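> the following comprises the amino acid sequence and a computationally predicted model.
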Amino acid sequence: MWKALQNALKIPEVRDRIIFTFLMLLVFRLGIYVPVPGVNIKAWGEALSRQGGGLTSGVLSFYDVFTGGAFSRFSVFSMSVTPYINSSIILQLLSSVIPALKNMLKEGEEGRKKYQRYTKNLTIGLAALQSFVISFGLARSYQGIIAINQWLFSIVSTISLVAGTMFLLWIGDRITEKGIGNGISIMIFAGIISRYPAYLRSAVLGNLNIFEWIFVAVVGMFMVIAIIYVQQAERRIKIEYATRMVGRRVYGGTSTYLPIKVNHSGVIPIIFAWAIVSIPEAIAQLTGAQWAIKVFNTQGPLMIILYALLIFFFTYFYSVVVIDPKDMADNIKRYGGFIPGIRAGKPTEDYISFVVNRVTFLGAIFLVGISLLPYLIQGVTGANLGIGGTSALIAVGVALDIAQQLEAHLIMRNYEGFVKKGKISGRK
């Protein structure tokens with residue numbers, strides 16, 4: 001791996017891409033220390049650390065992980081790129097029921113550009129709505145935190161947060177164009193990784209004994225290995241193409257496969273499930289009802305079971321929305337292909353649905369397991385390390401994507417990649 005990195009730095013184009021990516025990430029990390037105008041940072045920090053204030057747990061704590069700690073400082077990057085992610089998910093779901101959006105993605109480069117424009121327009125609307133709700137709620141509920149008039153603060157804060165989100169989108173586009181990997185994913189990755197030193201400090205202050213440290217290390221290694229294995233795992237459906245004569249040319253007679261990823265939904269089911277189970281706890285903390293706080297505690301058995309069931313539901317829901325077996329079967333038939341032993345048309349569609357459902361079940365089991373691992377660690381060691389399965393899943397997934405892109409650049413220039421697959425012949 002180190003040799004592959006050295007080879008990457010020897011190539012001017014790849015080296016420039018790596019340096020550009022790091023510089024953009026540096027701008028992103030510096031921006032989280034720029035506070036929104038009118039906020040008393042000291043009072044905001046005290047409100048976050050106050051026991052029972054409802055700001056250090058639930059959905060806000062989960063949200064702060066994705067912002068890289070920007071929300072806990074209430075910086076101009078507090079919204080991060082979450083409005084863009086929400087907009088992408090909303091349009092992706094709508095494309096399954098609105099044919100015009102689905103056809104737009106099939107129109108080539110122009111269609112994809114138009115789709116991206118719709119996504120960014122929706123991002124601005126969502127960012128403005130979320131920013132105003134957060135700013136106005138903060139101004140009304142925590143008077144000592146803001147140093148100016150609440151209405152003026154709400155307007156200034158909304159503009160600042162929306163501007164911060166759009167600036168991060170611009171940085172993400174530049175990284176995608178001139179750097180390594182997908183810019184949006186890399187910024188989320190950088191934000192999550194930046195929190196790991198704090199998690200490690202929490203573990204040190206937790207006074208774990210040697211056996212608990214070994215347990216945490218073993219579970220952590222197992223989690224990373226499992227994520228790598230499942231993220232790259234796929235069920236391959238073999239497809240044969242019949243030989244056909246067009247003029248004097250012979251086409252077909254080849255075989256390929258249709259890949260069905262085990263975890264094709266990524267972290268979306270976990271995010272949706274956590275957002276839902278966190279809402280009752282947040283409402284209970286705002287009302288101050290002790291019985292509700294006890295019942296709807298996200299660390300309690302009732303909410304953990306509900307959390308696991310919701311992950312199962314959203315995994316299958318996302319599968320139904322995104323994967324269209326009928327469309328796959330029609331495409332296979334259109335190009336003269338068939339699945340060995342399966343008739344074309346409806347039988348092919350039913351077979352693909354059967355495979356997708358089985359693979360989705362394995363993916364749902366994996367997501368539930370990876371999400372409940374932090375509860376297992378806390379139950380055995382008593383320490384809340386804060387490293388959730390969602391953040392680990394994103395971090396490992398983005399790291400794999402970056403490694404694959406660097407490997408592609410190296411192989412194009414006749415260098416060995418990160419994984420040795422035999423010698424690659426090159427020009428002497």
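Yep, it's here.
> show me what contacts Gly337?
239-242, 256 (C-beta atoms under 8 Å, 6 or more residues apart in numbering). (Glycine included, C-beta is placed from N, CA and C.)
> just the buried ones from the residues you listed?
Using 16 or more other C-beta atoms under 10 Å as the burial test, the contacts of Gly337 include 239, 241 as buried.
> mind listing which of the contacts of Gly337 are in strands?
239-241, 256 (DSSP state E).
> grab the two from those residues that are most spread out in space.
Using C-beta to C-beta, the two most remote members of these are Glu240 and Thr256, lying 8.5 Å apart.
> spatially nearest residue to Val162 (excluding sequence neighbours)?
Closest residue in space to Val162, ignoring its immediate chain neighbours: Ala127 at 4.7 Å, by C-beta to C-beta, 6 or more residues apart in numbering.
> low-confidence ranges in the protein?
When residues are selected by pLDDT under 70, those of the chain lie in 1-8, 48-63, 141-143, 199, 202-208, 244-253, 282, 285-288, 380-389, 413-428.
> one more time with 90
For the chain, the stretches with pLDDT under 90 are 1-19, 29, 31-75, 78-120, 130-154, 157, 176-308, 310-349, 367-428.
> am I right that Gln92 sits in a helix?
Yes. Counting by DSSP: H, G, I helix; E, B strand; the rest coil, Gln92 is located in a helix.
> who's in contact with the closest residue to it other than its chain neighbours?
In space, Gln92 comes closest to Val322 once its chain neighbours are excluded; the distance is 6.9 Å by C-beta to C-beta, 6+ apart. The contact partners of Val322, by C-beta under 8 Å, 6+ apart, come to 92, 96, 264-265.
> is there a quick ChimeraX command that grabs whichever of those residues are buried?
A single ChimeraX command is used to select the members of the contacts of Val322 judged buried by 16+ other C-beta under 10 Å:
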select :92,264,265
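> so who does the closest residue to Glu240 other than its chain neighbours touch?
Distances taken as C-beta to C-beta, 6+ apart put Ser255 closest to Glu240, at 5.0 Å, once the chain neighbours are dropped. By C-beta under 8 Å, 6+ apart, Ser255 lies in contact with 238-241.
> name the nearest of those relative to Lys106.
Nearest member of the contacts of Ser255 to Lys106, counting by C-beta to C-beta, is Ile239, at 20.3 Å.
> my guess is Leu152 meets Phe136, correct?
No. Using C-beta atoms under 8 Å, Leu152 is not in contact with Phe136, being 11.5 Å away.
> what comes up buried for the strand or helix carrying Leu26?
Leu26 belongs to helix 12-31 when assigned by DSSP states H and E. Within helix 12-31, the residues that qualify as buried are 14, 17-18, 20-21, 24-25, 28-29, 31, counting by 16+ other C-beta under 10 Å.
> following that helix, which helix or strand shows up next?
Following helix 12-31 toward the C-terminus (DSSP H and E): helix 41-49.
> which residues touch the helix holding Leu26?
Here helix 12-31 makes contact (C-beta under 8 Å, 6+ apart) with 8-9, 68, 70, 75-77, 164, 167-168, 171, 174-175, 178-181, 183, 186-187, 190-191, 194, 406, 409-410.
> can you select the buried ones from the residues you listed in PyMOL?
This is how PyMOL selects the buried members of these, with burial counted by 16+ other C-beta under 10 Å:
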select buried, resi 8+68+70+75+76+77+164+168+171+174+175+179+180+181+183+186+187+190+191+194+406+409+410
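> do I have it right that Val262 meets Ala226?
No. With contacts counted by C-beta under 8 Å, Val262 stays clear of Ala226, the gap being 11.2 Å.
> now do the shared contacts for the two.
Joint contacts of Val262 and Ala226 (C-beta under 8 Å, 6+ apart) are Phe366.
> quick check: the residue nearest to Glu240 vs Arg235, distance?
Ser255 sits 16 Å away from Arg235, taking C-beta to C-beta, to the nearest Å as the criterion.
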